[in-house]
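> Could you look at this predicted model? Sequence included:
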Amino acid sequence: FITLSHIISDVASPQILSCSIAVKQEMVHVGFFKETNYIFLLAIPAACASEKDVQYFVKNVVKYLKFRYRYLKCAFLLEDSDMDKFFAMFFKYFLSEQSASLSYLNAIL
């Protein structure tokens, strides 16, 4: 993705924020944010979120991390940054919201 990001940023305008790829015959939306030589990726199955949703998540997660750590790379390079806890909470909330909305949909149908 880093090489792809460099090539796309040199060729494409405006900056591309996401792409969709097939992994084991399932569509996955990958959102990314590039900061200098670093790239932040967030991949979520298309069954769980739209490409627009993934772009929204990336934008807001990056805002939060830059607010908290000043630079995106610091969030991942500092030993005491607790990124594992942050993303565990993020995906737990995201997946619980998805399952709640799916059960609500099933009740309506």
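Cool, the structure landed.

> Distance check, residue 90 against residue 25.
Separation of residue 90 from residue 25 (Cβ to Cβ, to the nearest Å) stands at 26 Å. To be clear about C-beta, it is placed using only N, CA and C from the backbone, and glycine gets the same treatment.

> Pick out whichever of the two has more residues nearby.
residue 90 (15 against 5; other Cβ atoms under 10 Å).

> Assign that one to helix, strand or coil.
Counting by DSSP: H, G, I helix; E, B strand; the rest coil, the backbone at residue 90 sits in helix.

> Secondary structure element holding the nearest residue to it once chain neighbours are set aside?
Leaving aside its sequence neighbours, residue 90 sits nearest to residue 61 (Cβ to Cβ, 6 or more residues apart in numbering; 7.1 Å). Residue 61 is part of helix 51-69, with elements assigned from DSSP states H and E.

> From the centroid of this protein, which residue is nearest?
residue 42 (2.7 Å; Cα atoms, centre = their mean).

> ok so that residue is a strand residue?
Yes. Residue 42 forms part of a strand when assessed by three-state DSSP.

> Many thanks, we can stop here.
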